[in-house]
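Student: Okay, here's the prediction I keep looking at, along with the sequence it came from:
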Amino acid sequence: MWRPYVISNDIEYVVLYLYMSISSNAPNLLLSLSQSLADTVERVEGAVVSVNVGRRFSPSGIHWRNGIIVTSDESLHNSEEVTVTLNGGKTVPVKLLGRDASTDVAVFQIDSPDIPVANIGDAATLKVGHLVLGMALSREGNIKAVMGNISVCSGAWKSMSGGNIDQFICPDITLYPGFAGGPLVDANGDVVGMNTSGRRATALTIPSKTVNRVVDQLVVKGRIARGYLGVGMQPVRLPQNLQTALNITGDGGVIVVNIENNAPAEQAGILLGDILITFNDARVKDTNDVLAYLNQSQYVNQTISVQLVRGGELVNLTVTIGERPF
């Protein structure tokens, strides 16, 4: 009897396992699985587009919301004139609304009311072993799909460009040319994220929650708001006797080596030589901790508490986080 929790990392072995496990019923089950996958592709294919960037292999895109196309920012390179090809081959113009390299999301506006909109699902429902589809559209308007399973699914992570990604999702699918920017589709036919290339050409998926957050900001502002203090910083170690005297846990901190005129840090009273050790009661051990905090757009224009060491004493201040100038 088929045990559905036994799933191989290689999708060919999944099909082989199904076939060998249920003997006489295998043809019917395989036919049912095959038809279900084809039906899923048909439900989603109208929302998949090809993003034409003047290169041999164009990325795909997703009609994420009504009039909003999402694709892979990295795959666009420096293309200035972009059009999209719809399922069936029709090519239409689009307008760039914004790009965010840190999350690899680019957003375009399209004026084609008849295009189906993707049904966006929740990537948090994914589990290791779940079957998924990666989809793409060729420049000629022909749909393409690959099947695989979720090989890694874990918590939030930060991209090399500093973007906050809500889940680490690695589907065991091959990202053939043109598949970057296309959707990852779960067994319900819901788009749970946008596929992109990771290290060594492995497939990664930007989860729907992250894409939604980026789309919200790019549609309104055309950019992602980043926090700004206006200071130059360097990591520093606190001597043991100072840790003991001030009852500080951990030896890390960030020393202020430069302050911009009229910046949020100056307005808050931060001085050269101050050593920042907490942001809103969160321990700061090096500059990456500070940048990670500032990269969270929800803190822009918010007033937070900071604790620092000044002249061997603890000082508590409040600072209003500014928005990083562009």
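Tutor: The structure has been received and is ready for your questions.
Student: Please name every helix or strand in contact with the helix or strand where Val132 lies.
Tutor: According to DSSP states H and E, Val132 maps onto strand 131-137. Judged by 3 or more C-beta pairs under 8 Å, 6 or more residues apart in numbering; DSSP states H and E, strand 131-137 is in contact with helix 26-44, strand 48-52, strand 60-65, strand 143-154, strand 183-185. In short, each C-beta sits where N, CA and C put it, glycine included.
Student: Could you work out which of these reaches nearest to Leu86?
Tutor: Between Leu86 and the helices and strands packed on strand 131-137, the tightest spacing by C-beta to C-beta is seen for strand 48-52, at 5.8 Å.
Student: how many other residues sit next to the spatially closest residue to Leu242 that is not a sequence neighbour?
Tutor: Excluding its sequence neighbours, the residue lying closest to Leu242 (C-beta to C-beta, 6 or more residues apart in numbering) is Gly312, at 6.7 Å. Applying other C-beta atoms under 10 Å, we find 9 residues neighbouring Gly312.
Student: Okay, angle between the strand holding Val132 and strand 143-154 too, please.
Tutor: Using axes from the mean of the first three to the mean of the last three C-alpha atoms, to 10 degrees, the direction of strand 131-137 lies 140 degrees away from that of strand 143-154.
Student: Strand 131-137 pairs with which strands, parallel or anti?
Tutor: When sheet partners are counted by DSSP bridges, strand 131-137 sits next to strand 143-154 (antiparallel), strand 183-185 (antiparallel).
Student: tell me the average confidence for the last one?
Tutor: Across strand 183-185, pLDDT averages out at 98.
Student: show me where the stretch 151-300 of the chain has helices.
Tutor: 208-221, 240-246, 264-268, 287-294 (DSSP state H, counting those that start in this stretch).
Student: Tabulate these in CSV, adding columns for mean neighbour count.
Tutor: Listed next are the helices of the stretch 151-300 of the chain as CSV, based on neighbours: other C-beta atoms under 10 Å:
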stretch, mean neighbour count
helix 208-221, 19
helix 240-246, 12
helix 264-268, 18
helix 287-294, 17
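Student: between the ones you listed, which gets nearest to Lys144?
Tutor: helix 208-221 (20.9 Å).
Student: what's the angle between the closest one and strand 60-65?
Tutor: 70 degrees.
Student: which other helices and strands contact helix 208-221?
Tutor: strand 60-65, strand 68-72, strand 91-100, strand 105-110, strand 191-197.
Student: Residues in contact with it: which ones?
Tutor: 64-65, 68, 70, 97-100, 103, 105, 107, 120-124, 164-167, 191-194, 223-225, 297 (C-beta atoms under 8 Å, 6 or more residues apart in numbering).
Student: are any of those residues buried, and which?
Tutor: 64-65, 68, 70, 97-100, 103, 105, 107, 120-121, 123, 164-167, 191-194, 223-225, 297 (16 or more other C-beta atoms under 10 Å).
Student: Columns distance to Phe179 and mean pLDDT on top of the helices of the stretch 151-300 of the chain, output as JSON lines?
Tutor: Formatted as JSON lines, those follow (distance: least, C-beta to C-beta, whole Å; pLDDT from 0 to 100):
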{"stretch": "helix 208-221", "distance to Phe179": "16", "mean pLDDT": "94"}
{"stretch": "helix 240-246", "distance to Phe179": "51", "mean pLDDT": "93"}
{"stretch": "helix 264-268", "distance to Phe179": "42", "mean pLDDT": "95"}
{"stretch": "helix 287-294", "distance to Phe179": "30", "mean pLDDT": "84"}
